[in-house]
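1. From the sequence below, what's the structure:
(one chain, ligands or ions: 2)
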Amino acid sequence: MEHFRLAIYDSAVFFVFLYLRVAGESGRFGSAHIHILSNIMTTFTQDSTLLAIESSCDETSAALFVGAELRSNIISSQMFHTTFGGIVPELASRAHVQGISAVVREALQTSGLAMSDVDAIAVTQRPGLAGSLVVGANFAKGLALRYGLPIVAVDHIEGHIYSAFIENHDIAFPFLALIVSGGHTSLFHVESFERYSAIGSTRDDAAGEAFDKIAKLLGLGYPGGIHIDRLAKEGNPSAIAFPRSMLRDDSFDFSFSGLKTAVRTYCQKTLQHPPNDQQLRDICASAQEAIVEVLVHKTLRAAERHQARDIVVAGGVAANSRLRALLRERAEHQGRRVFIPAMAYCTDNAAMIGCIGREKLLHGTKSPLTFTIGVGSLRAQYRP
Ligand code: KG4
Ligand code: ZN
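-> Ligands and ions are numbered 1, 2, ... in the order given. Have a look, this model is predicted:
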């Protein structure tokens, strides 16, 4: 609660500060005149220029689209959280405050554009950390107010779902989207740019969270998925029969918290001593296989049930080499295509917010400047 209050205070001060600063500093951000709200009715067209901002967790990111062309996607990752073994929300929001102005400026410079070229702004509204979301949302509102631009508030998960369209326009509706990261694990049936529904979600830990917690109890670094992926390459995935939770369950829900307990029990009761190098590799390979097998099995079953030929995977866990290989192998065997965006568009980034924000603006969707952020995790908000 105290964190939340501080973050709100931060953002209120920041918003006023930003507005005064940007309004008085027209040279740096572009146009020479203050024309508050003058532009707000402009129609967004196929050729319009869009600035997108993302700050829901520990990445500060800004992107620019000119028409459908992505001109820049600047991502500033808050690496300092690794020393704490996880994200510290209060520090995350303060780092966003410090970095957002420079990130937006760099995105403009990289794309060869000025604020005066921008026709609209898309920004992440939810879900995420309260203190992080308010920084991006209020920065976007400040710019929209200053430059008289329409703004569209975007759901972060929708950003992930449609992220494959940044690089590929060949994906066929309806498709299945598996969104797997440190904060979310869900399956979506996607019928169009406006219609999608969650058909399954984790009941406890997200897949990335499971990788992180298992890595932590094995004494590996954060984020854990990267370390487990690396060590698993030299381990035996069949060495230990860790549980495949809800594999045979008829739902498309997931549960990963039991796996973490199984790994802990195995280390304490079966090994009775810290694992040696080969045992560690085998534990990593076996735990990874348990997570990946459930993800792949449920995704393919959902694709079959919903008659979706194409499958999109996004979120940080989409980097996992075993998940990519096993899903591709089994999907191709069934005649399905798998689309996994480049890593810069898989992990949190503003390009994905711009990609779906642009579709919304083209369909006439705009948000009032009074929109509020929506906190909370995907688990709570995207139950089918
Ligand atoms: O999307 P992301 O950067 O941040 C959010 O959680 O929103 O995802 C980070 C998560 C972490 O849990 C991390 O352990 C996991 O993605 N991750 C991986 C790999 N690389 C990152 N998990 C499995 N294998 C990987 N190679
Ligand atoms: Zn995300």
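
2. Please, where are all the helices along the stretch 101-250 of the chain?
-> 130-147, 156-161, 207-217, 224-232 (DSSP state H, counting those that start in this stretch).

3. Looking at the ones you listed, spot the one closest to ligand 2.
-> helix 156-161 (5.6 Å; CB to the ion). (C-beta placed from N, C-alpha, C; glycine too.)

4. What are the contacting residues of that closest one?
-> Here helix 156-161 makes contact (CB atoms under 8 Å, 6 or more residues apart in numbering) with 54, 56, 124-128, 177, 179, 181, 184, 186, 188, 190, 196, 312, 314-315, 348, 352-353, 355-356, 378, 382.

5. Just confirm yes or no for that helix near ligand 1.
-> No - using CB under 6 Å from any ligand atom, helix 156-161 stays clear of ligand 1, with a minimum separation of 7.9 Å.

6. So that helix, near ligand 2 or not?
-> No - Helix 156-161 lies apart from ligand 2 when judged by CB under 5 Å from the ion; the minimum separation is 5.6 Å.

7. Flag every residue of the stretch 51-200 of the chain that's near ligand 1.
-> Checking the stretch 51-200 of the chain against ligand 1 by CB under 6 Å from any ligand atom, the hits are 57, 181-183.

8. now swap in the stretch 201-350 of the chain and tell me
-> Close to ligand 1, as judged by CB under 6 Å from any ligand atom, the stretch 201-350 of the chain has residues 208, 211-212, 223-226, 229, 315-317, 319-320, 347-348.

9. go again using 8 Å as the cut-off
-> Contacts of the stretch 201-350 of the chain with ligand 1, taken as CB under 8 Å from any ligand atom, map to 206-209, 211-212, 215, 222-226, 228-230, 288, 315-317, 319-323, 346-348.

10. List only those of those residues flagged as buried.
-> Buried members of those, counted by 16 or more other CB atoms under 10 Å: 206-209, 211-212, 215, 222-226, 228-229, 288, 315-317, 319-320, 322-323, 346-348.

11. shouldn't Ser321 be in contact with Lys233?
-> Yes - using CB atoms under 8 Å, Ser321 is in contact with Lys233, at 7.3 Å.

12. quick one: the residue in the chain sticking out farthest from the centre and Lys216, what's the gap?
-> Distance from the centre of the chain peaks at Gln272, with 38.4 Å (CA atoms, centre = their mean). Using CB to CB, to the nearest Å, one gets 20 Å for the distance from Gln272 to Lys216.
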